[in-house]
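[1] Provide a 3D model corresponding to the input given below.
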Amino acid sequence: KIDKLPVTLLSGFLGSGKTTLLKHILSNYDGMRVAILVNDMGEINIDAALVKHQTVSITQREEHLVEMSNGCICCTLREDLLTEVAKIASQGQFDYLLIESTGVSEPMPVAETFTFEDSQGLKLGDVAQLDCLVTVVDCSRFFRELESIESLQDRDWHAEPEDKRTISHLLCDQVEFANGVVLNKCDLVNEEEKNHVKRLIRHMNPVAEVIESTFSTVPLDRVLGTGLFSMSAAEQHPSWLKEARVGEHRPETIEYGISSFTYRARKPFMPYKFHEAVEAMLRKEAPFDEIAILRAKGFVWLANFPGLQGDFSLAGNHYSLIPGNPWWAEIDKADWPEGLEEALGPLWCEPFGDRQQEIVIIGQDLEKEKIVSVLDSCLFDDKVMEKGQDAWYQLCNEAEYDPFYQEWYDSIE
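    Model prediction:
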């Protein structure tokens, strides 16, 4: 049996304290033989005193943004990550590998790399195993970044024109797929502010360990050798928040007014009405003037595109609704994976199958009834539902505008 090399991936914004955490680990790893894969040697500036008795190996690789075939912008190591990690693991000289990603990197694509095969049929997972995905966040700037409407390009974080991500969406992606969240710079906020951030993070990612720190000083056993990462669980990660799988958050005394719920409906949205409702949320227009929706994510069913799920994501002051995968109702059951029909049973409702609205909403001072009422007003009523799909197309075509049509139509073409 080959012992697999355990790996911790460090993610986090520029300035969050990610590199400081790496330095902290290097200064305190005591006796462990550690290999490090970093994107920019200049950022780390490793002191010779930290490289004790040649028990640390450092590999420098630049990172590059590539556009995947599905349109997703992902960070990948320019020099094949699979090759580099496999090379380090095959040496058999190290007890642990640390990968420090760039500030614009998301942890999920790196985790997926462990399932890929190279031209010889080698999987990274055959020689190395992810132990923990750690995201470092700046507690003092968390809400500011979450509410930012800036893009990565606005901050000159990356010059690639294909990268259209916003600051708030990247922050959410880094937090939501982490096993451990290091809440750094806690010394820069008071107790109430710190607990406010912790409460929101726990709603965004209910299963992650939240570790408070100052100057990225954390017990090493909270980020190394944790056993927190599960590939089988990661492969089940849906396109909506884990809160949607867990269900409605358990009843509790809600601190700082932060809570969450899942909106569900079995009717399609009129596109322009849904757009106007979300814009009202972002502009804090009535009835959202006293409600702060900080994060929302899930599946949307648009009336004039019955074949595709809509991937909806709202973070801070920005939202997107892009065409996703086909609904299972669009796919012949003969082509379904084994066991899917049974799994879909609770979600299936004739004559529309698995088509539905399912949106997880997290925020402060949420008034569920008001939010549900606004979203319900975007749905077709029973009379329109009875008329069928052709009538739905006609109503959408007669509307003054459709903010989603061109992007969705182009994706089908």
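[2] so residue 145 sits against residue 168, correct?
    Yes. Residue 145 is within contact range of residue 168, at 6.6 Å (criterion: CB atoms under 8 Å). For the C-beta atoms, the positions are set from N, CA and C on the backbone; glycine is no exception.
[3] between those two, which contacts overlap?
    Counting by CB atoms under 8 Å, 6 or more residues apart in numbering, the shared contacts of residue 145 and residue 168 are residue 316.
[4] more neighbours, those two?
    residue 168 (25 against 20; other CB atoms under 10 Å).
[5] what helix or strand is the more buried one on?
    Using DSSP states H and E, residue 168 sits within helix 167-176.
[6] helices or strands up against that helix?
    With contacts taken as 3 or more CB pairs under 8 Å, 6 or more residues apart in numbering; DSSP states H and E, helix 167-176 sits against helix 107-113, strand 128-138, helix 142-146, helix 191-204, strand 308-315, strand 318-326.
[7] now the third one, how far from the centre of its chain.
    Using CA atoms, centre = their mean, to the nearest Å, we find the averaged C-alpha position of helix 142-146 to lie 15 Å away from the chain's own average C-alpha position.
[8] only alpha carbons, please: show it as CSV.
    Presented in CSV, the C-alpha positions along helix 142-146 are these (Å, rounded to 0.1, in the frame of the first residue of the first chain):
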residue,chain,number,x,y,z
PHE,A,142,-15.4,40.9,5.4
PHE,A,143,-18.6,42.9,5.1
ARG,A,144,-17.0,45.6,3.0
GLU,A,145,-15.7,43.0,0.5
LEU,A,146,-19.1,41.2,0.5
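[9] what's it in contact with?
    Identification of contacts with helix 142-146 by CB under 8 Å, 6+ apart yields 13, 138, 167-168, 171-172, 196-197, 200-201, 294-295, 315-316.
[10] switch to 10 Å and redo it
    The set of residues external to helix 142-146 that reach it, using CB atoms under 10 Å, 6 or more residues apart in numbering, is 13, 16, 137-138, 166-172, 175, 183, 185, 189, 193-194, 196-198, 200-201, 204, 292, 294-295, 315-317, 364.
[11] quick one: mean pLDDT over it.
    Taken as a whole, helix 142-146 carries a mean pLDDT of 87.
[12] and that helix, which residues are buried?
    142, 143, 145, 146 (16 or more other CB atoms under 10 Å).
[13] nearest to residue 87, of these?
    Proximity of these to residue 87 (CB to CB) peaks at residue 145, which lies at 35.4 Å.
[14] what's the spacing between the closest one and residue 218?
    The gap separating residue 145 from residue 218 is 21 Å, by CB to CB, to the nearest Å.
[15] max pairwise distance over the buried residues of helix 142-146: which two?
    Based on CB to CB, the longest span within these runs between 143 and 145 and measures 7.4 Å.
[16] show me the shaky parts of this structure.
    Within the chain, the segments meeting pLDDT under 70 span 1-2, 39-80, 102-104, 117-119, 152-164, 237-257, 413.
[17] can you tell me the centre-most residue of it?
    residue 173 (2.6 Å; CA atoms, centre = their mean).
[18] pretty sure that one sits against residue 12.
    No. Residue 173 is beyond contact range of residue 12, at 11.8 Å (criterion: CB atoms under 10 Å).
[19] can you work out which residues contact both of those two?
    Each of 105, 107, 135 lies in contact with both residue 173 and residue 12 under the rule CB under 10 Å, 6+ apart.
[20] beta-bridge partners for the last one, please?
    It stands for residue 135. Residue 135 has these beta-bridge partners by DSSP bridges: residue 11, residue 181.
[21] got the contact list for residue 333?
    Neighbouring residues of residue 333 by CB under 10 Å, 6+ apart: 340, 341.
[22] typo on my end, residue 337
    328, 343.
[23] quick one, phi/psi of it?
    Backbone torsions for residue 337, taken as degrees, to the nearest 10, come to phi -60, psi 150.
[24] likewise residue 306?
    When read as degrees, to the nearest 10, the backbone of residue 306 gives phi -70, psi -10.
[25] next, count neighbours for the closest residue to it other than its chain neighbours.
    Leaving out its chain neighbours, the residue that sits closest to residue 306 by CB to CB, 6 or more residues apart in numbering is residue 389, at 6.1 Å. Neighbourhood size, residue 389 [other CB under 10 Å]: 12.
[26] so how far does stretch 335-342 reach from one end to the other?
    Distance between the two ends of stretch 335-342: 14 Å, counting by CA to CA, to the nearest Å.
[27] whoops, I mixed them up, stretch 115-135
    21 Å.
[28] residues of it that come out buried?
    Buried-residue list, stretch 115-135, by 16+ other CB under 10 Å: 124, 125, 127, 128, 129, 130, 131, 132, 133, 134, 135.
[29] show me which pair in the residues you listed is furthest apart.
    For the buried residues of stretch 115-135, the maximum inter-member distance is 24.9 Å, found between 127 and 135 (CB to CB).
[30] helices of the stretch 1-150 of the chain, start to end?
    Under the criterion DSSP state H, counting those that start in this stretch, helices of the stretch 1-150 of the chain are mapped to 18-28, 41-44, 81-90, 107-113, 142-146.
[31] what's the closest of the ones you listed to residue 340?
    Comparing the helices of the stretch 1-150 of the chain by CB to CB, helix 107-113 comes nearest, at 21.2 Å.
[32] can you give me the buried ones in that closest one?
    107, 108, 109, 110, 111, 113.
[33] out of these, which comes closest to residue 261?
    Distances from residue 261 to those, taken as CB to CB, are shortest for residue 108 (25.0 Å).
[34] ok, back up a step: now render the buried residues of helix 107-113 as a markdown table, adding distance to residue 211.
    Shown next, in a markdown table, are those (distance: CB to CB, whole Å):
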| residue | distance to residue 211 |
| --- | --- |
| 107 | 16 |
| 108 | 20 |
| 109 | 24 |
| 110 | 20 |
| 111 | 20 |
| 113 | 25 |
